[in-house]
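Chemist: Model the following, please.
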Amino acid sequence: MFNSIIYQYYENLKPKERKRKNNFTYAAEMLVMLSQIVRIDDFKEKLGLDLDMALNVKLTDGMVGITKQNDNYYLLFNIQPCGMPGKDLRPYEVIGTYIDENRNIQTKQYTNNVDCVLWYNNSLEMPEYHVDFFSHMFTEIDTSIELNVYHSRYNPFLKVENETQKQQITKAMTQTKDGEPIVVVNANNSDWSEEDKVINVNDVKNIDKVQYLSHLFDDFQKRFSNLYGVSMNMSSKQAQQTEKEISGMEAMSWLIPVDMLTQAKEFCERMKDVYDVELTAHFGTIHELNFAKFAEDCTKDDNMNDDLHDNQKGDSENDNSERDMEPLQDEQQADVDE
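Modeler: Residues are numbered from 1 along each chain as shown. Okay, the predicted model is just below:
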């Protein structure tokens with residue numbers, strides 16, 4: 001029943017509404033993925049607040065805040081810096097909004113690290129604008145795939161001379177339910193050549209375009225994943241890349257997640273200083289496993305580089321020793337000749 005309702009709802013949407021819905025769905029899915037990069041233990045238990053909602057505000061607004069009012073903690077959102085920043089150029093005074101226990105909206109001015117603590121999304125305090133771009137591109141690619149699928153199944157238009165022929169042909173082809181032909185009646189009863197009896201609007205190449213669009217979708221998905229610590233090397237490039245280049249790409253993919261983790265740890269430290277609440281930030285399960293593997297691979301590469309350096313150093317010393325021996329051997333040979 002539930003699936004049927006969703007299907008009918010989507011089918012009845014206008015094209016622009018479908019695109020808007022798909023765009024929103026992709027954005028929501030990406031925010032869920034990004035919310036799993038960094039996690040904080042005991043957030044709910046010690047603050048009485050939902051960690052995922054805090055992460056959602058942080059990702060979309062660039063920062064989220066915690067304030068304590070009457071022994072209760074609240075999430076600050078729609079935070080706007082006001083006045084001059086502090087000496088570290090971080091926001092000093094801000095205006096933030098929270099919803100109190102009576103579900104009333106409270107908007108006040110706060111002093112950072114005095115009566116509120118801010119958790120920055122990254123070192124630049126910026127939202128994840130990539131979500132808007134990639135959700136837009138995923139939606140556009142899906143729309144193109146959908147159109148090409150529709151166009152690939154268009155049957156030829158059939159021309160007939162009268163209504164009787166139309167009914168006969170239509171009845172004969174009712175079994176082709178998903179590709180029912182469009183029949184055109186020749187109102188003027190003019191003569192048509194054999195070529196005129198069929199209007200072929202189908203391009204068989206349309207279905208080939210779908211696979212290229214699917215590859216394009218995968219490429220954008222890999223680009224998004226590579227930004228956030230999930231390195232997905234493109235098969236079309238692997239043959240042209242060295243292991244060192246691939247390792248460098250993987251290292252680049254960890255820059256943003258590590259920055260996010262750094263901001264989360266510093267937030268936990270400020271929560272301890274301001275509210276005496278101990279929180280622990282760490283990578284989520286998937287990123288924790290991937291980062292451990294990445295660190296292990298880096299250690300192996302360092303060891304291999306050290307061994308290579310030692311071997312090169314040993315070879316160089318042997319070459320120098322052989323060159324030092326050459327004059328002595330020449331002198332000994334001269335003595336023998338005399």
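Chemist: what stretches of the stretch 201-338 of the chain score poorly on pLDDT?
Modeler: Counting by pLDDT under 70, the stretch 201-338 of the chain has low-confidence residues at 201-207, 233-248, 301-338.
Chemist: quick one: the helices in it?
Modeler: For the stretch 201-338 of the chain, applying DSSP state H, counting those that start in this stretch gives helices covering 205-227, 235-238, 243-253, 255-275, 285-337.
Chemist: next one: the stretch 1-150 of the chain
Modeler: With DSSP H, counting those that start in this stretch as the criterion, the stretch 1-150 of the chain has helices spanning 2-11, 15-34, 43-47, 51-61, 130-152.
Chemist: In TSV, list the ones you listed along with mean pLDDT.
Modeler: Formatted as TSV, those follow (pLDDT from 0 to 100):
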stretch	mean pLDDT
helix 2-11	62
helix 15-34	94
helix 43-47	97
helix 51-61	98
helix 130-152	90
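Chemist: so how far is Phe294 from Leu255?
Modeler: 12 Å (CB to CB, to the nearest Å). All C-beta atoms are positioned from the backbone trio N, CA, C, and that covers glycine.
Chemist: Also Thr67?
Modeler: For Thr67 relative to Phe294 (CB to CB), the value is 37 Å.
Chemist: repeat for Ser152
Modeler: 42 Å.
Chemist: Nearest to Glu266, out of the helices of the stretch 1-150 of the chain?
Modeler: Nearest of the helices of the stretch 1-150 of the chain to Glu266, taken as CB to CB: helix 51-61 at 13.2 Å.
Chemist: What residues sit buried inside the closest one?
Modeler: Leu51, Ala54, Leu55, Asn56, Val57, Lys58, Leu59, Thr60, Asp61 (16 or more other CB atoms under 10 Å).
Chemist: what's the angle from that helix to helix 130-152?
Modeler: Put simply, helix 51-61 runs at 90 degrees to helix 130-152, going by axes from the mean of the first three to the mean of the last three CA atoms, to 10 degrees.
Chemist: Can you spell out which helices and strands pack onto helix 51-61?
Modeler: helix 15-34, strand 38-41, helix 43-47, strand 63-69, strand 72-82, strand 117-120 (3 or more CB pairs under 8 Å, 6 or more residues apart in numbering; DSSP states H and E).
Chemist: Give me the residues contacting the longest one.
Modeler: Going back to what we said before, that points to helix 15-34. Contact partners of helix 15-34, identified using CB atoms under 8 Å, 6 or more residues apart in numbering, comprise 10, 13, 55-56, 59-60, 128, 131-132, 134-136, 138-139, 142-143, 224, 228.
Chemist: Can you point out the buried residues in it?
Modeler: Arg18, Lys19, Asn22, Asn23, Tyr26, Ala27, Met30, Leu31, Met33, Leu34.
Chemist: Turn those residues into a markdown table, columns for distance to Trp119.
Modeler: Formatted as a markdown table, the buried residues of helix 15-34 follow (distance: CB to CB, whole Å):
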| residue | distance to Trp119 |
| --- | --- |
| Arg18 | 36 |
| Lys19 | 33 |
| Asn22 | 31 |
| Asn23 | 27 |
| Tyr26 | 25 |
| Ala27 | 21 |
| Met30 | 20 |
| Leu31 | 16 |
| Met33 | 19 |
| Leu34 | 14 |
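Chemist: Go through those and say which is closest to Glu269.
Modeler: When these are compared against Glu269 (criterion: CB to CB), the nearest one is Leu34, at 22.6 Å.
Chemist: Distance of Tyr73 relative to Ile99?
Modeler: 12 Å.
Chemist: For those two, work out which one has more neighbours and name it.
Modeler: Tyr73 (18 against 12; other CB atoms under 10 Å).
Chemist: who does the more buried one bridge with?
Modeler: Counting by DSSP bridges, Tyr73 is bridged to Lys68.
Chemist: That one contacts Ile66, doesn't it?
Modeler: Yes: using CB atoms under 8 Å, Tyr73 is in contact with Ile66, at 5.8 Å.
Chemist: hey, what's in contact with both of these two?
Modeler: Common neighbours of Tyr73 and Ile66 (CB under 8 Å, 6+ apart) are Leu47, Leu49, Tyr275.
Chemist: Of these, just the buried ones, PyMOL syntax please.
Modeler: The PyMOL command for the buried members of these (criterion: 16+ other CB under 10 Å) is given here:
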select buried, resi 47+275
